[in-house]
Every structure is written in structure tokens, then in C-alpha cells.
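> here you go, sequence then predicted model.
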Amino acid sequence: MKAAKYRKPPSGLGRPWAVAFAFAALIGCGAGDGGSTDIESGDMRLTVQLASVVVGQNRMMIEVADLAGAMIEGVGLAVDPQMATHGHGSTEVPLVSERGGGHYEAFPVTFQMPGAWEITVSATAGALSAKKTIHVTVR
Ligand SMILES: [Cu+2]
């Protein structure tokens with residue numbers, strides 16, 4: 001496989017997505033979860049971690065670094081939770097706060113129902129942009 005590239009999920013549950021979901025489910029069994037690897041692209045490295053993965057409001061920590069590993073401040077971030085299999089998003093738009101040193105926090109990341117969710121984090125900083133989607137199973 002070549003370098004991972006961000007793609008918009010198809011409306012149907014195609015085979016690549018079935019594999020992705022199976023993989024997410026497999027590694028999603030770990031303690032706490034919320035940090036599954038997934039699809040990433042762009043000129044920055046995004047590290048994302050959910051403090052919880054429950055129905056309702058959750059907090060997400062985001063770290064942004066350049067490709068050499070230097071943390072980046074002042075990044076514009078958008079967090080978009082979607083339930084691809086149901087074709088809907090979240091009932092709330094997460095607000096992103098900057099915590100300094102390249103650390104950010106998004107709240108509330110709201111999952112209004114259990115099941116398979118994907119959260120896309122989009123980042124822009126000057127001419128740089130990046131996108132990362134993680135998959136979680138909300139119970
Ligand atoms: Cu749903």
C-alpha cells in the first residue's frame with residue numbers, strides 16, 4: 001500500500017471501509033480506546049486522543065506538530081464527528097481551545113448514539129494544512 005491518503009467515505013459500506021471498521025473494532029477493544037490510527041494526510045502531524053468514548057459529551061486532546069516533530073501553535077482546528085453508516089453527524093459542534101505548546105482541546109465531542117463513529121480533525125496554519133480521521137466504537 002502507498003502512503004495513506006484522506007478520502008471521503010462512500011455512502012455505502014464498501015469493502016475498504018468494512019476492513020477499516022473491522023480493524024478499528026479489533027484495536028478498539030483496548031483499554032479506553034479513542035486513539036485508533038487511521039487516515040491522515042497533509043503537512044502537519046496530528047495526534048488525537050479521546051479522554052472518553054461514551055454516548056454524550058467527550059473531550060478530545062489534539063497535538064499538532066510539523067513533519068520534523070516541532071509543535072505548532074496558533075493552528076486553526078475543526079473537529080467533525082460523523083456516523084458514516086447512518087449518514088449523520090453530531091448534534092453539537094465541538095469547540096476547540098488552544099492550551100499552548102501545540103496542545104489543543106475539543107469539547108464537546110458529542111456522540112448521541114452508540115455505534116461506529118469517525119471523527120475528522122482538520123487543521124490549517126498559514127500555508128500548511130492537515131486532516132486526520134479516527135474511528136471509534138461508542139458503547
Ligand atoms: Cu447514528
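Received it, and whenever you're ready, just let me know what you need. Numbering: from 1, shown residues only.
> the residue of the chain found nearest the ion: neighbour count?
Nearest residue of the chain to the ion (Cβ to the ion) works out as H86 at 3.3 Å. Yep, even glycine has a C-beta here, placed from its N, CA and C like the rest. By other Cβ atoms under 10 Å, 11 other residues sit near H86.
> which ones are touching it?
Listed by Cβ atoms under 8 Å, 6 or more residues apart in numbering, the contact partners of H86 are 113, 115.
> just give me the neighbour total for R45.
19.
> ok, now the one 3 residues further on?
Around V48 sit 24 other residues, with neighbours defined as other Cβ under 10 Å.
> nearest spatial neighbour of it, skipping sequence neighbours?
Once flanking residues are discounted, V48 sits nearest to I62: 5.1 Å by Cβ to Cβ, 6 or more residues apart in numbering.
> now tell me what touches the helix or strand containing that neighbour from outside.
Using DSSP states H and E, I62 sits in strand 56-66. Strand 56-66 has contacts (Cβ under 8 Å, 6+ apart) with 34, 43-52, 71-72, 75, 77, 79, 92, 94, 96, 102-112, 119, 121, 123, 125, 128, 130.
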